[in-house]
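>>> Fold the following for me, if possible:
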Amino acid sequence: MTYKRTWTEEIEVNARDMVERVKELIQEGNVRRLIIKKENGDLLLEVPLTTGVVAGGMITLFAPILAALGAMAALLTKVKFEIVRVEDEEKKEDQTSNNN
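Residues are numbered from 1 along each chain as shown. Take a look at the predicted model:
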């Protein structure tokens, strides 16, 4: 039996590195939502990422968003990324139930 494990991590990124970091996260494939905030926590952008799309195609789909991020980077020094990830995991059956 498989189930999905979801977790969130937050990282701080220099604004000048923002576009490259977003591209890397898209290519990782297990990122389902990306929330970009100012240093003070104000929301800048929330991007849901679709499952099952080839990474190269995904970058093409998000080209306008990446362009907007580049423009934002000129006005900001640091941003926070809240990254929501999903991973499929095998659920281990209780071995004692198999021995009966």
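>>> check contacts around Leu76.
Neighbouring residues of Leu76 by CB atoms under 8 Å, 6 or more residues apart in numbering: 15, 18, 38-39. No exception for glycine: its C-beta is placed from N, CA and C like everyone else's.
>>> List only those of those residues flagged as buried.
Taking 16 or more other CB atoms under 10 Å as the criterion, what is buried in these is 15, 18, 38.
>>> Could you check how far the first one is from Trp7?
Translated: Ala15. Distance, Ala15 to Trp7, by CB to CB, to the nearest Å: 25 Å.
>>> now swap in Leu44 and tell me
The spacing between Leu44 and Trp7, counted by CB to CB, is 22 Å.
>>> who has more neighbours, these two?
Between Leu44 and Trp7, Leu44 has the larger neighbour count (other CB atoms under 10 Å), namely 15 against 10.
>>> Output the contacting helices and strands for the stretch of helix or strand that one belongs to.
Assessed by DSSP states H and E, Leu44 sits inside strand 43-48. Packing partners of strand 43-48 (3 or more CB pairs under 8 Å, 6 or more residues apart in numbering; DSSP states H and E): strand 31-38, helix 63-73.
>>> can you give me how far stretch 21-40 is from the chain middle?
Counting by CA atoms, centre = their mean, to the nearest Å, stretch 21-40 is centred 4 Å from the centre of its parent chain.
>>> Other residues contacting that stretch?
Counting by CB under 8 Å, 6+ apart, 6, 12-13, 18, 43-49, 51, 55, 58-59, 62, 65-66, 69, 76-87 sit against stretch 21-40.
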